[in-house]
Every structure is written in C-alpha cells, then in structure tokens.
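Visitor: Give me coordinates for this.
(one chain, ligands or ions: 1)
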Amino acid sequence: MNTALVSLDTLSVHYPLGRRLIGKAPVLKAIDRVSIDIPKGSFFGLVGESGSGKTTLGRAILRAAPISGGAARYSDGEVDYDLTTLAKDNLRDYRKRAQLIFQDPYAALSPRMTVRDIIAEPLEVMGLTRTREETDTRVREIAAKCRLNLEHLRRFPHAFSGGQRQRISIARALVTGPKFVVADESVAALDVSIQADILNLLKSLQRDLDLTFLFISHDLSVVAHVCDYVAVLYLGSIVEVAPTRELFARPKHPYTRALLSAIPSLDPDDTRKTQRLEGEIPSPANPPAGCRFHTRCPVAQDRCGADTPILDHADGNAHVACHFWRENLPG
Ligand code: SF4
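Guide: Predicted structure coming up:
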C-alpha cells in the first residue's frame, strides 16, 4: 500500500452501559481493536451489515465519536496529528482537513437557507475567509466542480432533485478544501440511475482535488465499482481487508464470502449459490467469545468459540482474521 493518510492501530470505541455496584459495568463495544491503514489518494471501502459499526468507525476517525483505546494518526504531508489527543486548535484545523458527506440529501440541507449560504456556512463558521467576496469566490469555485451553476446558488434546496441535493452536500463538504472525506452511504438514498452519476462525480473530484475517501456502504456492487481497497467489518471488528480486485476474486473470510454471494448477478449462466447467514448479528453489548462470527459461521470449529483470531497477513496483499482461512478456501 502507499503511504497512509489515516492509520488506525487497535482503535476501540466502547460506550459504558450504566453502572454496577459490584463487578464491572457492562460496555457496548461498538468498535473493537480495529487496525487499518487508509492509503493517501485511495478510495477505501468499508462494508458490513447494518449494526456492524461502519458509521461509528467513520465518526471516530472524524473525531465525532469518542475514541476509548488504541492509536489513530492522520498525516497529510503538512500536518501529522495524533487523533486521540488533538488539542483545541489542532481539532479546528483537522475539521477543515477531514469532512463528512451525509447519507440523506433531503435531511442534510436546511430548507430555509439558499444553496449559496448552505455551501458557504462551513467557511464562515471556521473563519476561513475574510470577506463576502472571498467566500463567494470559493463557493462558486467548488459549486462549479460539483456541476452547480450560479442560478442554482440562488435557489432553496426544495427546488432540487435527490441527485442535485447530493451534489450540494458534496460541495458543502469540500468547500473547506479537505484532504480526507468520509462518504457514509452517500448514494444509498438515490435512484440507481442517479447513483452512477454521483459515483462518477466523486471519482473525478478525487482525482482533481487529490482526495482520499473512506467510502462506507452496505452495497458491495457499488464498492466494487469505485473502491481501490475494501475492509470488511463484522460486529465492530475488521475480518478481512484487501485490494478490491483481490477481495472480490479470492475472498478468504467466510463472512466476506457470504456477503459476496448475496450480490445479484445478471449472468443467466452464473451458478453461484447464495450463502445465507443464519440468525441476526449479535449485540455489541454482549459479543460472542472467541471469533465474533462463530455463532453464524458455516465452517466454525471448536477452537473458534474460545480463541479470538487476529487480523493477519494472508497471501498477496490481503489480511484476514480467521483461524482456518486456508482450509476453507473453495477449491
Ligand atoms: Fe469461522 Fe472459525 Fe474462521 Fe471465525 S475463526 S470465521 S468461526 S472458521
């Protein structure tokens, strides 16, 4: 992999669940000991079922969810921040460099503000421009990159379609000139025909503005289309991470294989069988001992309920957390 823009080492986000007079208070382990590097300039996918902790991990990297353990670094060549101990001034600077594109383009935009004001707001709140002219110039510049024209800037959000609203959200996220963007299910609420348009826009912005994306999605076909790397999250832990082509061609973890087998195929000759996972994802307040996936894993063995597998180098550039990935590879 290239140099990491964001580097996580055993990062955890735990939330205490009330108090106990005797014994340890229960803890919700939303993210547990996640270690990944997000290479500079990459489109890095993060996938998993709902409830796996994808959004929490994205928010922890943005410092919008509390980090309770482990290490997290952001290093873009200009600054090198320890994300677990950012002081107030550095946190303000980091907010300019790391931004979020929301999932729902309808809920994310204030209906009472013009598009110009919506896009300008982060500049004004962070004090990044000194005059109205300077703000307008920057707003027009980023709006044009997101294919919005001057006429669009005068209108209110209700006048726009879902795809156009998402372009407004993207312009608002990029107006501060970030290097790192978390796109959290950013095309999930859009029609399929509009999704491709927004994905192409994100890819061209990535190249134009030298951005690094953490692309959070439950939709593996979308991830296959845009991402360079994919990390698979299950119950707050990474079970597999690999370059996208490698992961799709030779998935090693049984959970990754189950997710991939559920992607619908348009090929009438495709004889793949969907691997149904039995049961619901367990609660992060009471995760299974040993391998967290063992209660649903179709190839679990006795050892899996006792020993926790670590994310280890497999072959090629893949890392996998499974005791038996070699034995269970399809022939
Ligand atoms: Fe399945 Fe065991 Fe591998 Fe976990 S360690 S994925 S339970 S085979």
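Visitor: What residue, apart from its backbone neighbours, is nearest C227 spatially?
Guide: G45 (3.5 Å; CB to CB, 6 or more residues apart in numbering). In this view, the C-beta of every residue, glycine as well, is placed from N, C-alpha and C.
Visitor: Please tell me I have it right and that neighbour contacts A231.
Guide: Yes: counting by CB atoms under 8 Å, a contact exists between G45 and A231, whose distance comes to 7.0 Å.
Visitor: The residue positioned nearest the centre of the chain sits in which helix or strand?
Guide: Geometric centre of the chain, nearest residue: I216, 3.2 Å, by CA atoms, centre = their mean. With elements taken from DSSP states H and E, the one containing I216 is strand 212-217.
Visitor: after that strand comes which helix or strand?
Guide: helix 220-226.
Visitor: Would you tell me which helix is longest in this structure?
Guide: With secondary structure taken from DSSP state H, the chain has its longest helix at helix 192-209.
Visitor: what comes into contact with stretch 60-75?
Guide: Contacts of stretch 60-75 with the rest of the structure, by CB atoms under 8 Å, 6 or more residues apart in numbering, involve 3-14, 30-31, 33-35, 56, 59, 80-84, 86, 91, 94-95, 97-100, 180, 182, 214.
Visitor: now the helices: where do they sit in the stretch 101-250 of the chain?
Guide: 115-126, 132-145, 150-154, 162-174, 192-209, 220-226, 244-249 (DSSP state H, counting those that start in this stretch).
Visitor: Same question for the second one: list its buried residues.
Guide: If I follow you right, that is helix 132-145. In terms of neighbour count (16 or more other CB atoms under 10 Å), helix 132-145 has its buried residues at T135, R138, V139, R140, I142, A143, K145.
Visitor: Closest one of those residues to the ligand?
Guide: The nearest member of these to the ligand, counting by CB to the nearest ligand atom, is K145 at 43.1 Å.
Visitor: what's the distance between Y74 and D93?
Guide: For Y74, the distance to D93 (CB to CB, to the nearest Å) stands at 10 Å.
Visitor: Sorry, slip of the keys, the one I care about is L202.
Guide: For L202, the distance to D93 - CB to CB - is 24 Å.
Visitor: Could you do F44 as well?
Guide: Counting by CB to CB - F44 and D93 are separated by 22 Å.
Visitor: Among these two, which residue is more densely surrounded?
Guide: F44 (25 against 16; other CB atoms under 10 Å).
Visitor: Mind listing the residues bridging to that one?
Guide: Following DSSP bridges, F44 is listed with bridge partners L214, Y229.
Visitor: my read: it touches L214, true?
Guide: Yes: in this structure, F44 is within contact of L214 by CB under 8 Å, at 5.4 Å.
Visitor: Now for these two: what residues contact both?
Guide: I38.
Visitor: Spell out the residue ranges of the strands in the stretch 1-150 of the chain.
Guide: Here the stretch 1-150 of the chain has its strands, by DSSP state E, counting those that start in this stretch, at 4-16, 27-39, 43-47, 69-75, 80-82, 98-101.
Visitor: Out of these, which gets nearest to the ligand?
Guide: The nearest among the strands of the stretch 1-150 of the chain, by CB to the nearest ligand atom, is strand 27-39 at 14.7 Å.
Visitor: What mean pLDDT does the closest one get?
Guide: The pLDDT scores in strand 27-39 average 95.
Visitor: and for it, what are the contacting residues?
Guide: Contacts of strand 27-39 (CB under 8 Å, 6+ apart): 1-17, 44, 53, 56-57, 60, 65, 69-70, 180, 212, 214, 228-229, 231, 233, 236-238, 241, 284-285, 287, 311.
Visitor: show me which of those neighbour the ligand.
Guide: Counting by CB under 6 Å from any ligand atom, the subset of those that neighbours the ligand is empty.
Visitor: Contact partners for R112?
Guide: So R112 contacts F156 (CB under 8 Å, 6+ apart).
Visitor: what's the nearest residue to P122 once chain neighbours are set aside in contact with, if anything?
Guide: In space, and not counting its chain neighbours, P122 is closest to T176: 5.2 Å by CB to CB, 6+ apart. T176 sits next to R95, K96, R97, Q99, P122, L123, M126, L128 when contact means CB under 8 Å, 6+ apart.
Visitor: again, but for A183
Guide: Here A183 is in contact with L100, I101, L202, F213, L214, F215, I216 (criterion: CB under 8 Å, 6+ apart).
Visitor: Near the fourth one, how many other residues are there?
Guide: So the one you mean is F213. Neighbours of F213 under the rule other CB under 10 Å: 24.
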